[in-house]
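Asker: give me the fold of what follows.
(one chain, ligands or ions: 1)
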Amino acid sequence: MAVRSFQYDTFSLLLHWSLTILIFAIGFSAPFMDHRSQNGLIVFIGQFHIIGGYVVLGLAVISVMWWASRQVPPPVRDIETGEQRWMKLAVQTLVILLFLSPLTGIAYLAAVGQGLELGPLKIAVDTGLGRPALNWLSLTHHVVSAALVMLGGAHSLHVVWHHVVREDSLIGRMIPWHRL
Ligand code: HEM
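Answerer: Okay, the predicted model is just below:
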C-alpha cells in the first residue's frame, strides 16, 4: 500500500471524464438507432448518438494533442511491471477505438447519404455502395463500438478492483477526492 502522490492535471481529468460519460451514454443510446422514425424522443436520442460521436472524435483529437504536449505521467509505483504493461496496452487500444468507433459510424452515415449536417450545411457523398458493403460497414461500426464500451467497462472495473480489493491509490490518479 505504497503512497503515491501523482494526479493528472485538471484538463486531462476533464477530457477523461467527459469521454467516459459520453461513451457510456452513446452506448446506451445505440439500441434506439434502428427505431428512429418512431417518435420525437427516439429521434432526439438518435441525434444525440450522432452528435455525441462527432464530439468523441473531437475530444479524441484534442486528447492526443494534449498528451503529446504534456509530460509523460510517472508509472504507478505500487503496481507490478507486468500488470502495468497490460494497463498501457488497454489504454492504447482504447485510444485507437476512440477514433475508430466514430469514424466507422460517420463512414456508414455518409455511405447511406446522411453526411455531416450542420444547419443549412450538409456534406454528403454519394458512395453508390451496394447493400452488402453497407452491411459490412454497419457491422464494423457495431463491433468496434462494442469493443470500446466493453474495454472501457473492463478498464473501469479494473480500477475499482484496485480501489476495493488492493486498496491502493490508483483511482486517486483520476478522482481528486480519492487521492492518497
Ligand atoms: C469508457 C470509459 C473510459 C475510457 C475510454 C477511459 C480511458 C482512459 C484513458 C485514455 C486513460 C489514459 C489517460 C491519460 O493518460 O490522460 C485512462 C486512465 C485512467 N482511467 Fe480511464 N477510462 C474510462 C473509464 C474510467 C473509469 C470509470 C475509471 C474509474 C473508476 C477510470 C480510471 C482511470 C485511471 C485511474 C486512469 C490512470 C491510469 C494510470 O495512470 O496508469 N477510467 N482512462
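
Asker: ok, for the residue in the chain positioned nearest to the ligand, nearest residue in space, not its chain neighbours?
Answerer: Going by CB to the nearest ligand atom, the ligand is nearest to residue 152 of the chain, at 2.4 Å. (C-beta placed from N, C-alpha, C; glycine too.) In space, not counting the residues next to it along the chain, residue 152 is nearest to residue 23; the distance is 5.6 Å by CB to CB, 6 or more residues apart in numbering.

Asker: wait, the one you found sits on residue 148?
Answerer: Yes - with contact defined as CB atoms under 8 Å, residue 23 reaches residue 148; the gap is 6.4 Å.

Asker: which neighbours do these two share?
Answerer: Counting by CB atoms under 8 Å, 6 or more residues apart in numbering, the common neighbours of residue 23 and residue 148 are residue 98.

Asker: residues near the residue nearest to residue 152, how many?
Answerer: 22 (other CB atoms under 10 Å).

Asker: and it, what element?
Answerer: helix 10-29 (DSSP states H and E).

Asker: buried set for that helix?
Answerer: Across helix 10-29, burial judged by 16 or more other CB atoms under 10 Å covers 12, 15, 19, 22-23, 26-27, 29.

Asker: again, but for stretch 79-96
Answerer: 79, 87, 94.

Asker: is it positioned near the ligand?
Answerer: Yes - using CB under 6 Å from any ligand atom, stretch 79-96 comes into contact with the ligand via 87, 91, 94-95.

Asker: got JSON lines for those, with secondary structure, pLDDT and distance to residue 134 too?
Answerer: Listed next are the residues of stretch 79-96 next to the ligand as JSON lines, based on DSSP: H, G, I helix; E, B strand; the rest coil; pLDDT from 0 to 100; distance: CB to CB, whole Å:
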{"residue": "87", "secondary structure": "helix", "pLDDT": "96", "distance to residue 134": "37"}
{"residue": "91", "secondary structure": "helix", "pLDDT": "97", "distance to residue 134": "32"}
{"residue": "94", "secondary structure": "helix", "pLDDT": "98", "distance to residue 134": "27"}
{"residue": "95", "secondary structure": "helix", "pLDDT": "98", "distance to residue 134": "28"}
